[in-house]
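J.: okay, predicted coordinates and the sequence, questions at the end:
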Amino acid sequence: MKKKKLLAFVLACATAAGMISGCGSQSTTAETETASESKSTETTADTAAATTEATGDVVNINWYLFDGAGQADQPAVQDAMNAYTADKIGVTVTLKPISSGDYNNTVKLDLAAADDVDLCFMANWTGLDELIQSNALMDLTDLLPQYEELYGVMPEEIWDSTKFDGKNYTIPNYKESFSGYSLITPQALADKVKEEKGIDFQSLELNGYSDLKKVEPYLEAVKDEVSLPIAELWGIYPDIFANHYDSILNKGTEVGVDENTGEIVELLKTDAAKDYFTLMHEWKEKGYWKEENTMADVNKDTYRSAGDYGISIWNTVPDNENSASDRYGVPVYAIQITDNKITSDSALGSGWAISAKSKKADACLKYLQLLNTDTTLADLFVYGIEGTDYTKDADGVVTVSENAGWTNQVWKATNYKVPSLSSTESADKKEQYTEANAAATPQKIMGFRFDSTNVRTEITALDNVMNEYQVLMNCGFYDPEEYLPKYLDAIEQAGMDKILTEIQTQYDAWKSSQN
């Protein structure tokens, strides 16, 4: 393979890895201060309350949204939302959707440089820990309970699990409060393979990546039928959930805690990691990883939305198959690879934060309170204009119009309880969410967050090693017999021993505080 394509592959997968790490990246804590002020001036609930508008005038907030830029009906949707909320709560919004590829960097720069950012989408994969460290986000800990309806949307343990150093900086969109992983495949493809070759994807029973070998007959059957036999797999991270580890550091190295022994483990040194890399290398040699996977400009969603792939990883959610089918617009079958675990970050997959510079905290929280309790506003924000972007039947079920000029998704908009159900969702979807959240298993280290402040240099060096090795190892382009020792050596040279020592120190202190 040419160097140019390998480099493109590294850049593409490194970017994807950064986005994926939302399910397991560990965040750092810091005191929240106004970015434009000195370290001695904290942004507290008292100062936030003192600077919110109490004049009775309608307040407009600038609202940064993740994705959805360029939609034709955005002006009409914004006008309709504002007409509804201006009289109801005295707040209007200026919607600022930003493309997914530009979002993290744009928000980071604007929070630092601009004074007109009020409310922004925020998740553990949008640089949340860095923004907290840089004092870009407002500390809402004392302010949130004053908005009782908003605070009551989620169990208190969700608010507690999303704290950093005991403080709340986000308002989560309450959805699945756990992390878990599934494999998906297009239904039409799986049905064809079952009928013609007798291979039944739905009959596969998987318990982590250690069972991926069972998928090989299916991959062999579909490799000449689709452009990408494998659209995407995410390193060894799902094995943490299947094999009794709690994640501490998700940097490709997957540092975790053995649930049985309490020992800190560098998972790249386990037999499971080597077995995974070996299988991926075999699959690359058999043609299941295609050259298209190495190209920086290849968007995997393009293949998923066309049903032109064999298998892909997917975050497990309630109403799993309907949710994946709705996300990509192609009916899929889904098989869970892991159990569902509640982690310190799993409720941080989607939410909102207020800029530390904003003078409109009260307006932002009033608006989020209404959005999380009022179906009319939630339907406007998720589905757009009734009669134009969607219709609603006698039972209140939404059907999105074929040429809708506004579409949003519940997971990045509001909590699962409030919007109307769509025709692509199960009638008991909301009940499924409630039951699944209640049934998920909490990690034993729930609430522990690794603060990387003391090892920032080493973490930066580790990131550089990950960019060089991680994706090529994960996707089988490096033979683990030759490259895994080099990979591990590079990790050690980056300062992994110091990182592990710092993790152990913080973990021991946290354990002592729990007794």
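T.: Cool, the structure landed. Residues are numbered from 1 along each chain as shown.
J.: what's the neighbour count on Asn82?
T.: Using other C-beta atoms under 10 Å, Asn82 has 18 other residues around it. For the C-beta atoms, the positions are set from N, CA and C on the backbone; glycine is no exception.
J.: excluding residues flanking it in the chain, which one is nearest it?
T.: Thr92 (4.0 Å; C-beta to C-beta, 6 or more residues apart in numbering).
J.: doesn't Asn62 make contact with the one you found?
T.: No: proximity of Thr92 to Asn62 does not meet the contact threshold set by C-beta atoms under 8 Å, at 10.6 Å.
J.: let me see the ranges of the helices in the stretch 201-350 of the chain.
T.: Secondary structure of the stretch 201-350 of the chain (DSSP state H, counting those that start in this stretch): helices at 216-222, 237-242, 271-285, 300-306, 320-328.
J.: secondary structure element for the residue nearest to Asn82?
T.: In this structure, Thr92 sits in strand 91-98 according to DSSP states H and E.
J.: could you say what helices and strands that strand packs with?
T.: strand 59-66, helix 74-89, helix 361-371 (3 or more C-beta pairs under 8 Å, 6 or more residues apart in numbering; DSSP states H and E).
J.: residue ranges with poor pLDDT in the stretch 151-300 of the chain?
T.: By pLDDT under 70, the weakly predicted segments of the stretch 151-300 of the chain are 251-253, 296.
J.: next, count neighbours for the closest residue to Ser100 other than its chain neighbours.
T.: Closest residue to Ser100 apart from its sequence neighbours, by C-beta to C-beta, 6+ apart: Asp67 at 4.6 Å. Applying other C-beta under 10 Å, we find 16 residues neighbouring Asp67.
J.: ok, Asp115 - how many residues close by?
T.: Residues near Asp115, counting by other C-beta under 10 Å, number 12.
J.: in this structure it contacts Lys360, no?
T.: No: using C-beta under 8 Å, Asp115 makes no contact with Lys360, being 11.3 Å away.
J.: in the stretch 401-515 of the chain, which spans are strands?
T.: Remark: strands assigned in the stretch 401-515 of the chain by DSSP state E, counting those that start in this stretch are 441-442.
J.: still on that earlier bit, can you pull the pLDDT of the residue nearest to Asn82?
T.: For Thr92, the model assigns a pLDDT of 98.
J.: could you measure Gly476 against Trp283, distance?
T.: 6 Å (C-beta to C-beta, to the nearest Å).
J.: mutual contacts of those two, please.
T.: Counting by C-beta atoms under 8 Å, 6 or more residues apart in numbering, the shared contacts of Gly476 and Trp283 are Trp289.
J.: and the residue nearest to Asn372 when sequence neighbours are not counted, how many neighbours does it have?
T.: The shortest distance from Asn372 to any non-neighbouring residue, by C-beta to C-beta, 6+ apart, is to Val153 (4.8 Å). Residues lying near Val153 (other C-beta under 10 Å) number 22.
J.: next one: the one 3 residues further on
T.: Neighbour count of Glu156, defined by other C-beta under 10 Å: 10.
J.: then Pro485?
T.: Pro485 has 10 nearby residues by other C-beta under 10 Å.
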